[in-house]
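>>> Here is the input, now give the coordinates:
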Amino acid sequence: MSTHIKKLEDLLLVNVPADLADTQILGLRRAILAGIERERPRWLLLDFSEVEICDSFFGRFVETMVSMARLMGMRVVVCGLSDAVVETMVEMGFELPDVTSLLDIDDALAYTRRVRAAQPR
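Below you'll find the predicted structure:
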């Protein structure tokens with residue numbers, strides 16, 4: 001599994017690195033999908049705190065990664081989106097329906113723990 005992808009309990013945590021080339025973005029997407037298939041987590045947490053800029057290719061990566069993960073049965077949480085990335089994604093028309101978005105990884109981990117604890121076993 002990529003060094004940017006870690007399994008924590010029933011959560012797959014992805015620290016998305018800054019300044020990825022398009023081919024690297026595609027490779028990360030494939031690695032995430034393979035990690036979901038192999039590890040069988042119930043949650044996907046995408047941490048974008050290192051990402052400072054967003055172009056249309058990266059915006060599509062975010063949108064399609066979320067859609068793919070949801071189709072594989074994941075609950076998706078995103079965190080760490082900078083104001084510049086959010087502004088660009090909104091201006092380009094990208095949406096993340098049914099996704100919880102939080103400011104940072106601490107909030108995201110606390111949220112997933114709270115929701116998981118409230119779910120019947």
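
>>> from here on, contacts and neighbour counts on C-alpha atoms
Will do.

>>> Quick one: the strands in the protein, in order.
With strands called from DSSP state E, the chain shows them at 5-8, 11-15, 43-47, 75-79, 100-102.

>>> Same list, those strands, but as a markdown table with distance to V62 and mean neighbour count please.
As requested, the strands of the chain are exported to a markdown table (distance: least, C-alpha to C-alpha, whole Å; neighbours: other C-alpha atoms under 10 Å):
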| stretch | distance to V62 | mean neighbour count |
| --- | --- | --- |
| strand 5-8 | 15 | 16 |
| strand 11-15 | 12 | 22 |
| strand 43-47 | 9 | 24 |
| strand 75-79 | 9 | 22 |
| strand 100-102 | 12 | 17 |
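
>>> For P120, see how far away the residue nearest to the spatial centre of the chain is.
The residue lying closest to the centre of the chain (C-alpha atoms, centre = their mean) is L46, at 2.3 Å. Per C-alpha to C-alpha, to the nearest Å, L46 is found 25 Å from P120.

>>> What about V16, how many residues nearby?
18 (other C-alpha atoms under 10 Å).

>>> Which residue, neighbours along the chain excluded, lies closest to it?
Among residues not flanking V16 along the chain, F48 sits closest, at 5.4 Å (C-alpha to C-alpha, 6 or more residues apart in numbering).
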